[in-house]
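A.B. asks: here you go, sequence then predicted model.
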Amino acid sequence: MRRAVVTGMGMISPLGHDSEETWTAVIRGETAVGPITLFDASAFPTRIAAEVKSWNPKGGVERRVRRLLNRGAEFILYAADQAWEDAGLSTEQTRDLTVAVVSAHSGTRPHPADISWLCDEVDGTSDLCRLSPLETLRGAYHTVGTALSYRFHATGPNLVLSTACASGTQAIGLGMRLIQENEADVVLAGGGDSMIAPFDVLAFCAIGALSTRNAEPQRASRPFDLNRDGFVLGEGAAMLVLEERERALARGADIYGEVRGYGSSLNAYRVTDSPPDGYGPALAMSAALGDAEVEASRIQYINAHGTSTRDNDSCETQAIKRVFGESAHTVQISSTKGSTGHLISGAGSIEAAFCLLAMRDGRLPSTVNLETPDPVCDLDYIAGAAAHQAVDTCLSNSFGFGGTNASLVLTRN
């Protein structure tokens, strides 16, 4: 069977504008959460988020392409640029190959930063917001995939996913499938989002999902901690270049690791709640392990979905116990959302990248702000400092709002 390896990665995150800067901050246990600056959140119950700092991209991407993208889609395109360069590819090299794009994006309402340029002063007395024809494209799901295909001359399959928090992981899993099934030789796969906007923040506040620890933003995202009170919105993107293994080896590419297995499931439970017994997420993990032909006992590290909500964290703990049995208490686990916040459609792709970097460096990130473990969450969630441990087999989990679950098994090449 054809195998899919990762030869390039790129990130735009609240912790940095590339993968190495982001990874260094994660290993140091830094957190990017602070007051919201992208809009006036002073009247909101939640006034904190993990924003991408000092974002003012110049060069690289043509303006006529950038004008079609909202903030989250722009993150995706710049992360893809980094991944393509990191892989050492050029469109001349890939012109005779089948290049595919699988991207994850929420297609959210226009962001305040995206629509300010539409407003002009009229007669010096009032503002008139003129809706540009481009605005229908800037918020559309398909636009980011089209922009990626245009930029990288990707004439193969173009898939855009929107299954909330699971979609970045699904993008990588489906990218692996395209290579395995000989539908593509190279795939740009991953996702990104920016939902730090009034409607989205208010909607999550309304269902009680967000942390309201406004006075201590850096301590707000605390996966598996007894005193967690909700997740923290983050923004950003991560994109990976997947290649057919034999071709990557033949061209002498540096390989981060292999996407070995993928599994997905639906809870068929409730739109807003996780199943207490962990049954749906367990199906996705089991499917990924079966697809990879890897026993659960071989997994050395799990990058958990770990959102810092009471229901999700306890559900994931139960799911891991269902799948791993006795070895559930020996595998090392952490959630990196204490550092990055929750990137929604970008969460799964950045966390899969963290698994690859963990295998490269022999460093396992800690679960930031895990100070008082919840007795219900009684597994080995790495707390304090990052762990030094050589690993060659990882599992990355993403469980989406609405009930879609996805897991990846990643291995050293």
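C.D. replies: Yep, that arrived.
A.B. asks: dump stretch 261-269 to CSV, restricted to CA.
C.D. replies: Output of stretch 261-269 as CSV, limited to C-alpha atoms (Å, rounded to 0.1, in the frame of the first residue of the first chain):
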residue,chain,number,x,y,z
GLY,A,261,-4.0,5.6,10.6
TYR,A,262,-7.2,7.6,10.7
GLY,A,263,-10.5,7.0,12.3
SER,A,264,-13.7,9.0,12.6
SER,A,265,-17.1,8.6,14.2
LEU,A,266,-20.3,10.5,15.2
ASN,A,267,-21.6,10.5,18.8
ALA,A,268,-25.3,10.3,17.7
TYR,A,269,-25.9,11.8,21.2
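A.B. asks: distance from it to the middle of the chain?
C.D. replies: Distance of stretch 261-269 from the chain centroid (CA atoms, centre = their mean, to the nearest Å) equals 17 Å.
A.B. asks: show me what counts as buried in it.
C.D. replies: 261, 262, 263, 264, 265, 267 (16 or more other CB atoms under 10 Å). Backbone N, C-alpha and C define where each C-beta goes, glycine included.
A.B. asks: over to stretch 235-249?
C.D. replies: 235-245, 247-248.
A.B. asks: any low-confidence regions in the stretch 251-400 of the chain?
C.D. replies: Along the stretch 251-400 of the chain, segments meeting pLDDT under 70 are nowhere present.
A.B. asks: could you pull out the strands for it?
C.D. replies: For the stretch 251-400 of the chain, the strands defined by DSSP state E, counting those that start in this stretch occupy 257-266, 301-303, 332-334, 363-364, 387-388, 393-399.
A.B. asks: which one of the buried residues of stretch 235-249 sits closest to residue 215?
C.D. replies: residue 235 (22.1 Å; CB to CB).
A.B. asks: now the closest one. Nearest residue, chain neighbours left out?
C.D. replies: Computed as CB to CB, 6 or more residues apart in numbering, the closest residue to residue 235 that is not its neighbour in sequence is residue 194, at 4.0 Å.
A.B. asks: in the buried residues of stretch 235-249, find the pair that's most separated.
C.D. replies: It's 235 and 247 that sit farthest apart of those, by CB to CB, at 34.0 Å.
A.B. asks: which one is residue 277 nearest to, not counting chain neighbours?
C.D. replies: Closest to residue 277 by CB to CB, 6+ apart is residue 318, at 5.7 Å.
A.B. asks: so who does the one you found touch?
C.D. replies: Residue 318 makes contacts with 276, 277, 278, 282, as judged by CB atoms under 8 Å, 6 or more residues apart in numbering.
A.B. asks: with distance to residue 325 added, can I get the strands of the stretch 251-400 of the chain in a markdown table?
C.D. replies: Formatted as a markdown table, these follow (distance: least, CB to CB, whole Å):
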| stretch | distance to residue 325 |
| --- | --- |
| strand 257-266 | 17 |
| strand 301-303 | 14 |
| strand 332-334 | 15 |
| strand 363-364 | 22 |
| strand 387-388 | 23 |
| strand 393-399 | 15 |
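A.B. asks: distance check, the residue nearest to residue 277 against residue 198.
C.D. replies: As for residue 318, its distance to residue 198 is 35 Å (criterion: CB to CB, to the nearest Å).
A.B. asks: do residue 216 as well
C.D. replies: Distance of residue 216 to residue 198, given as CB to CB: 23 Å.
A.B. asks: between the two, which is the more surrounded one?
C.D. replies: A count of neighbours by other CB atoms under 10 Å puts residue 198 above the other of residue 216 and residue 198, at 17 against 11.
A.B. asks: count of residues packed around the residue nearest to the more buried one when sequence neighbours are not counted?
C.D. replies: Distances taken as CB to CB, 6+ apart put residue 39 closest to residue 198, at 5.6 Å, once the chain neighbours are dropped. Look at residue 39: counted by other CB under 10 Å, it has 14 neighbours.
A.B. asks: before we move on, which element is residue 39 in?
C.D. replies: Assigned by DSSP states H and E, residue 39 falls within no helix or strand.
A.B. asks: and it, how far is that from residue 85?
C.D. replies: 33 Å.
A.B. asks: quick check: closest non-adjacent residue to residue 213.
C.D. replies: Using CB to CB, 6+ apart, the closest residue to residue 213 is residue 220 (4.0 Å).
A.B. asks: if I look at the one you found, how far off is residue 192?
C.D. replies: For residue 220, the distance to residue 192 equals 22 Å [CB to CB].
A.B. asks: looking at these two, which one has more neighbours?
C.D. replies: Just comparing residue 220 and residue 192: by other CB under 10 Å the higher neighbour count belongs to residue 192, 36 against 28.
A.B. asks: how about the contacts made by that one?
C.D. replies: When contacts are counted by CB under 8 Å, 6+ apart, residue 192 touches 12, 72-73, 75-76, 79, 104-105, 168, 235-239, 343, 345-346, 349.
A.B. asks: before we move on, which element is it in?
C.D. replies: Going by DSSP H and E, residue 192 is part of strand 186-194.
A.B. asks: pull the CA atoms of that strand into CSV?
C.D. replies: This file holds the C-alpha atoms of strand 186-194, laid out as CSV (Å, rounded to 0.1, in the frame of the first residue of the first chain):
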residue,chain,number,x,y,z
VAL,A,186,1.2,15.4,-2.9
VAL,A,187,-1.5,16.8,-0.5
LEU,A,188,-1.7,20.1,1.3
ALA,A,189,-3.8,19.2,4.4
GLY,A,190,-4.8,21.1,7.5
GLY,A,191,-7.0,23.8,8.8
GLY,A,192,-7.4,27.1,10.5
ASP,A,193,-10.0,29.5,11.9
SER,A,194,-10.6,32.9,13.5
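A.B. asks: that one pairs with which strands, and in what direction?
C.D. replies: Next to strand 186-194 in the sheet, as set by DSSP bridges, lie strand 99-104 (parallel), strand 235-244 (antiparallel).
A.B. asks: of all these, which lies closest to residue 331?
C.D. replies: Among these, strand 235-244 sits nearest to residue 331 (CB to CB), with 23.5 Å.
A.B. asks: following that closest one, which helix or strand shows up next?
C.D. replies: Criterion used, DSSP H and E; the element after strand 235-244 is helix 245-250.
A.B. asks: which strands and helices sit next to that following helix?
C.D. replies: strand 4-12 (3 or more CB pairs under 8 Å, 6 or more residues apart in numbering; DSSP states H and E).
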